[in-house]
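> I need the structure of the sequence given here:
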Amino acid sequence: MHTIHWQKSTYSGDGSNCVYVAVLSDGTIRLRESDEPDAILATTRAGLHELIRSLKTHPFIRSA
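So this is what the prediction gives:
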């Protein structure tokens, strides 16, 4: 089993609720959030690009 080297997103700042990203040797991308480190999202470069584009186009709105 290979060690995953996580990097904190520069958009996370210094607070909690940080997003971490890792790129594996096969090119797949892993994402996790600091509050749920065992929940890992796996995607491709194209999938991540589409997610970011979609979030910029249709921002997530959290209800109280």
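> Only C-alpha atoms from now on, for both contacts and neighbour counts.
Will do.
> On the three-state scheme, residue 22 is what?
strand (DSSP: H, G, I helix; E, B strand; the rest coil).
> Give me the contact list for the longest strand seen in the chain.
Counting by DSSP state E, the longest strand found in the chain is strand 36-43. Strand 36-43 has contacts (C-alpha atoms under 8 Å, 6 or more residues apart in numbering) with 28-33.
> Only the buried members of the residues you listed: can you turn that into a ChimeraX selection?
The buried residues among the contacts of strand 36-43 can be selected in ChimeraX (16 or more other C-alpha atoms under 10 Å) with this line:
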select :29,30,31,32,33
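> how about the contacts of strand 36-43 in CSV, adding pLDDT and secondary structure?
Below are the contacts of strand 36-43 laid out as CSV (pLDDT from 0 to 100; DSSP: H, G, I helix; E, B strand; the rest coil):
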residue, pLDDT, secondary structure
28, 95, coil
29, 96, strand
30, 95, strand
31, 94, strand
32, 93, strand
33, 91, strand
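> so which of the contacts of strand 36-43 comes closest to residue 56?
Among the contacts of strand 36-43, residue 31 lies closest to residue 56 (C-alpha to C-alpha), at 17.8 Å.
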